[in-house]
Structures are given as C-alpha cells and as structure tokens.
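A.B. asks: test case, fold it:
(one chain, ligands or ions: 1)
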Amino acid sequence: MKYLIIGGSAAGMQAAEELRKKDKKSEITLISKEKDYPYSRCLLSRYVDKRMSINNFYFKTDHFFKDKNIKAVLGKEVIEIKRQEKKVICDDLKEFSYDKLLIATGSTPWMPDIDGINLAGVYTFHSLDDAKKIKESIKNARKAVVLGAGFIGLEAAYALSKNNIDVTVIEKGSQLLPKQIDLSASKIIQADLEELKIKIIFDESLSSINGEGRIDSVTLMNNSLMQCDMLIIAIGVRPNVFLAKKAGLETDRGIIVDEFFRTSDKDIYAAGDVIEINDIATGKRDLSATWFNAVLHGKYAAGNMAGYRKRYTGAVGIQNAVQFHRIPVISFGKTLLEGDDEYKDYEVITILKGNVYKKLIIKANRIVGMIFVNDINKSGFYAALIRNSVDISMYKDRILDSDFSYAYFKDNNFGEYNTYFKTDECWERPDWWAHRLHCQMG
Ligand SMILES: Cc1cc2nc3c(=O)[nH]c(=O)nc-3n(C[C@H](O)[C@H](O)[C@H](O)COP(=O)(O)OP(=O)(O)OC[C@H]3O[C@@H](n4cnc5c(N)ncnc54)[C@H](O)[C@@H]3O)c2cc1C
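C.D. replies: All right, here's what the predicted structure looks like:
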C-alpha cells in the first residue's frame, strides 16, 4: 500500500504518525509546500514577541521522519491530482503515485482587493515565513496597522505591541473576535488590550494602502489618513480547495467529507482546515480552524485510510482558549445567536461581575455553547456537558453556581469515555480480550 499526504502541518503530520502506528510496512510519503520542518502556527506570535526562539517551533524534525520511515518531500507544491492514474503532480513536474491519498492543505489568508496591497511592508500572519518577515520589519517600524480583530489579528497586535510598536486595529464589525464571542466579552478584552495602548477602531475598513514601493500610510473608508510603517492583513482564511476542485471532488467552502473523512472519491481522504464537517453545536456543516480539530481529523482520517473504520461524530468547530494580555477567554460551541428565530429557540444564562463574564446558550434543555471570560474554572466540565448533550433541565437555576460540578451528574459516565465517539461494542463483550486486536481503539 502507498499512502500519500499533501500538507505537513497539524492534520497531515498527525495522519502520517497515525498511519505508521497502524501500518508498520507500507510506504508513507508527505509532501509540503513549506520548506520548514513542521512547526506550530499557534506559537507564531511568541516568536514575533520574542517569548520563544525559532528552534522551539518545530514539533517534528529529521529524526522523526527517519525513525518512522516516512518520506518527507519539503518545499514542493502539488499542482494537480490525477485521479484516474492515482498520482499527483508537483510544481517541478515530479509525480508521486498513491493507493490512498490524504489532502491536508489547510487554508490561506484572505486578501482584500485594495489599491497598494502589494506594497512592501504589507504582510499576512499565517506562516513561519510571514513571522520572519514581520520580525525583520519591526526593526525599522514605529507604527503598525492590523486589519481585522479576529483571533489572528489580535495575536499579531499583541506581539507587535510587545515590541513597542504603536498598534491600531481596524475592524469592520462592531466588536472583537466576532466569530467567537459576544459584545459583553469583547468589551472586557478590549479594555485589557487598551492597557497595552493598542487602539481599536470599529465599523471601519481601508480604502487604500499608500506609499512609493513601501507602505507609508493607509486611508480609511471615512477618508482619514493614518501613517504607518507596516500593515498586517488578518481578515480571515479560506480553505485550500483548489486541488480538490480541479480533481472534480465534491467541495463547497471546504472539501466535503463523510464521518470517515472520505471525500467523494473512495481512495481520497481530507482533514483539517480544508474540510467541512457537521458541527454538533450548531447542527450545520461548517469549517473548523483550530489546531486541536485538525489533529483529531488527521488521526481519524489515517485510521480509516489504514482500514480501521472509525466514525468521527461530535465535531465542535468553535473551541477557542485565548489570552492576549491578562484576561483568559474560552469559547466553545454555539456562542452567537443570529436573527429573531434563534432567540426564540434558545435560552441564554449569563453572569457579568466586573470583568468576569460567563454565558451559556441552551436549546431544548441542553447547553450548546458557552463563553467564559476571566474565570475559566471548570470550563472543561461545561464543554463535556455540551459534547455529551446532557439534559440540564433540573439544574438551570444553579448551573453557573460556583459549586456546580460533575457531582450533579453521577449517573452520566461522560469523562470516563473519550467524548468524541461511542465506545465500540466490541470492548463490552465478556471475551473482549480475545478480540482486542480487532476492536476499535479510542
Ligand atoms: C498565527 C496563528 C495562530 C494560531 N493559533 C491557534 C491557537 O492558538 N489554537 C488553535 O487551535 N489554532 C490556532 N491557529 C489555527 C491552526 O493553526 C490551524 O487550525 C491549523 O494549523 C490547521 O492545520 P491544517 O493541517 O489543517 O492546515 P495548515 O496548518 O494550514 O497546513 C497546511 C499545510 O499544507 C501545505 N499545502 C497547502 N497546499 C499545498 C499543496 N498544493 N502542496 C503541498 N503542500 C501544500 C501548506 O503550505 C501548509 O504547510 C492559529 C493559526 C495561525 C495562523
């Protein structure tokens, strides 16, 4: 069997490792466009703000590939998948054949169509290459603008401010982290960031980026001019579906996969930021953009590629734990209600005391989402209530009390099981020992 993986980050690397665990002999090849060894994107801001050195970034190096007998082809881009011939073609026209293929190509920052977008000093914040360029640019910069107040934009703003750069964040919506939290939580984080002298402008965007060869200012939609030495574009990402689309696989915003991570071609799987999958919290098919999810996808996809049929249910796309400055925030599941219809169907329980904020969103007596700000104790417990769809009707009046805990749910065994899937019946049999090699692992 020949396994081929496109993309060597969270999903691709986890898949490679899992494939080798499940299959000691087959050929495994991983192709990545990036020339660096696999590194954690989540830590990029720590490199820019100097909390971490570059050597601590790589989570797998040469040893791993040698030790596991996995062939790593770095710095090569796959430009086409030829499904009939079961092979892929790279940018240098080199070809690699496969029996089972995994597409783990992740996502790319969204670039707005604005005059001056190609000027020097305009960056995205997505790869180690980006982080290196930003770090170099900081040496001669005093003022920076960050476009977008999502997670990546705020990470960049924090890292720049730690380098004594005067930072202004421009957000077209009216709050921070518009996909993850609500306005009350946003106000608390805004105050926290403003302590660092980060300025935030809401309900605004850019009409042009100005400069001769290099950026020297931006013009806002309200025609005001803002001097700056650098601009970070952080207005979202889009899944890299190009290869899948060209190969005729079923795609929407992401690659469509079933609960075994199989695409519309039975020998091609996909995992990570590039896919769309059903979300138990929202009940809709959605993209997910977290490291944790990408790793899980990679693990499950690999298990299925190697023939261990393992169903993945219970995906939750939004699950963020962040702390830019002093205030930690956790958001999980459905955190925002949209439109009057949703307000009719859901109940909301909140506590706001100073800069501690807790919010639960409930539907049909089940918690489907939460936001915890500045007191994130027991957030894992509430996440377990969401994942296991536990009926909380008896406890609504005390659900956010400080002593509310697992003790109220003695009969629910959540916590004892991996909450991502039901335990295989095989393990429940009295003779499980004899069958253990064929039972599905957790
Ligand atoms: C700055 C930053 C901070 C983040 N912080 C967090 C965090 O704190 N917590 C969290 O949960 N998530 C965080 N994320 C999100 C997280 O990093 C992503 O969800 C995760 O990396 C997705 O993994 P992936 O393997 O699906 O794709 P990616 O990490 O995007 O990797 C895809 C890889 O495939 C390669 N590739 C693409 N096309 C091709 C091709 N045609 N040929 C060959 N190779 C190709 C790409 O170059 C890339 O190396 C952060 C992201 C960024 C950018």
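A.B. asks: poorly predicted segments of this protein, please.
C.D. replies: 314, 317, 340-341, 410-424, 427-429, 432-442 (pLDDT under 70).
A.B. asks: show me what counts as buried in the longest helix seen in it.
C.D. replies: Using DSSP state H to define each element, the chain has its longest helix at helix 291-305. Neighbour-count burial for helix 291-305 flags 293-305 (criterion: 16 or more other CB atoms under 10 Å). Where you see a C-beta, it was placed from the backbone N, CA and C, and this is true even at glycine.
A.B. asks: just put these in JSON lines and tack on distance to A185.
C.D. replies: As requested, these are exported to JSON lines (distance: CB to CB, whole Å):
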{"residue": "N293", "distance to A185": "21"}
{"residue": "A294", "distance to A185": "25"}
{"residue": "V295", "distance to A185": "26"}
{"residue": "L296", "distance to A185": "26"}
{"residue": "H297", "distance to A185": "28"}
{"residue": "G298", "distance to A185": "31"}
{"residue": "K299", "distance to A185": "31"}
{"residue": "Y300", "distance to A185": "31"}
{"residue": "A301", "distance to A185": "33"}
{"residue": "A302", "distance to A185": "36"}
{"residue": "G303", "distance to A185": "37"}
{"residue": "N304", "distance to A185": "37"}
{"residue": "M305", "distance to A185": "40"}
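A.B. asks: quick one: stretch 61-73 near the ligand?
C.D. replies: No - using CB under 6 Å from any ligand atom, stretch 61-73 stays clear of the ligand, with a minimum separation of 8.6 Å.
A.B. asks: wait, I meant stretch 100-119
C.D. replies: Yes - remark: stretch 100-119 sits within contact range of the ligand at A104, T105, G106, S107, by CB under 6 Å from any ligand atom.
A.B. asks: which residue sits closest to the residue nearest the centre of the chain in space, ignoring its chain neighbours?
C.D. replies: In the chain, the residue lying closest to the centroid (CA atoms, centre = their mean) is T290, at 1.9 Å. Leaving aside its chain neighbours, T290 sits nearest to Q319 (5.9 Å; criterion: CB to CB, 6 or more residues apart in numbering).
A.B. asks: what do you get for I138?
C.D. replies: Spatial nearest neighbour of I138, excluding adjacent residues (CB to CB, 6+ apart): N163 at 5.0 Å.
A.B. asks: what about that neighbour, distance to the ligand?
C.D. replies: 16 Å (CB to the nearest ligand atom, to the nearest Å).
A.B. asks: quick check: domain ranges of this protein?
C.D. replies: 2-108+238-305, 122-235, 337-441 (automatic domain parsing).
A.B. asks: what's the burial count for the residue lying closest to S405 once chain neighbours are set aside?
C.D. replies: The shortest distance from S405 to any non-neighbouring residue, by CB to CB, 6+ apart, is to F381 (6.4 Å). By other CB atoms under 10 Å, the residues close to F381 number 15.
A.B. asks: what's the answer for Y269, then?
C.D. replies: Each residue near Y269 was counted by other CB under 10 Å, and the total is 29.
A.B. asks: can you check E347 too?
C.D. replies: 13.
A.B. asks: repeat that for E34.
C.D. replies: 17.
A.B. asks: so which of the domains of the chain is nearest H325?
C.D. replies: Nearest to H325, of all the domains of the chain, is domain 122-235, at 4.8 Å by CB to CB.
A.B. asks: tell me the contacts of the closest residue to the ligand within the stretch 201-350 of the chain?
C.D. replies: Residue nearest to the ligand within the stretch 201-350 of the chain: G272 (2.1 Å; CB to the nearest ligand atom). Residues in contact with G272 (CB atoms under 8 Å, 6 or more residues apart in numbering) are G7, S9, A10, A11, G12, A104, T105, G106, N293, A294, H297, G298.
A.B. asks: quick one, strands of the stretch 51-200 of the chain?
C.D. replies: 70-74, 78-82, 87-90, 95-97, 100-103, 107-109, 122-124, 143-147, 166-170, 199-201 (DSSP state E, counting those that start in this stretch).
A.B. asks: so which other helices or strands are in contact with the last one?
C.D. replies: Helices and strands touching strand 199-201, as assessed by 3 or more CB pairs under 8 Å, 6 or more residues apart in numbering; DSSP states H and E, comprise strand 166-170, helix 183-194.
A.B. asks: 7 Å instead?
C.D. replies: strand 166-170 (3 or more CB pairs under 7 Å, 6 or more residues apart in numbering; DSSP states H and E).
A.B. asks: just the residues contacting the strand it packs on, thanks.
C.D. replies: Contacts to strand 166-170, defined as CB atoms under 7 Å, 6 or more residues apart in numbering, come from residues 142-147, 149, 153, 157, 160-161, 198-201, 204-206, 220, 226.
A.B. asks: ok, and the closest non-adjacent residue to D375?
C.D. replies: Closest to D375 by CB to CB, 6+ apart is V356, at 4.6 Å.
A.B. asks: pick out the residue in the stretch 51-200 of the chain sitting closest to the ligand.
C.D. replies: For the stretch 51-200 of the chain, CB to the nearest ligand atom, closest residue to the ligand: G106, 2.0 Å.
A.B. asks: how deep is that residue tucked in, by neighbour count?
C.D. replies: 25.
A.B. asks: how close does it get to D401?
C.D. replies: Computed as CB to CB, to the nearest Å, the G106 to D401 distance reads 41 Å.
A.B. asks: cool, V295 as well?
C.D. replies: 34 Å.
A.B. asks: residues in this protein within reach of the ligand, list them.
C.D. replies: Contacts of the chain with the ligand, taken as CB under 6 Å from any ligand atom, map to 6-12, 31-34, 41-42, 44, 77-78, 104-107, 125-126, 152, 155, 240, 243, 272-274, 289-292, 294.
A.B. asks: perfect, I'm done here.
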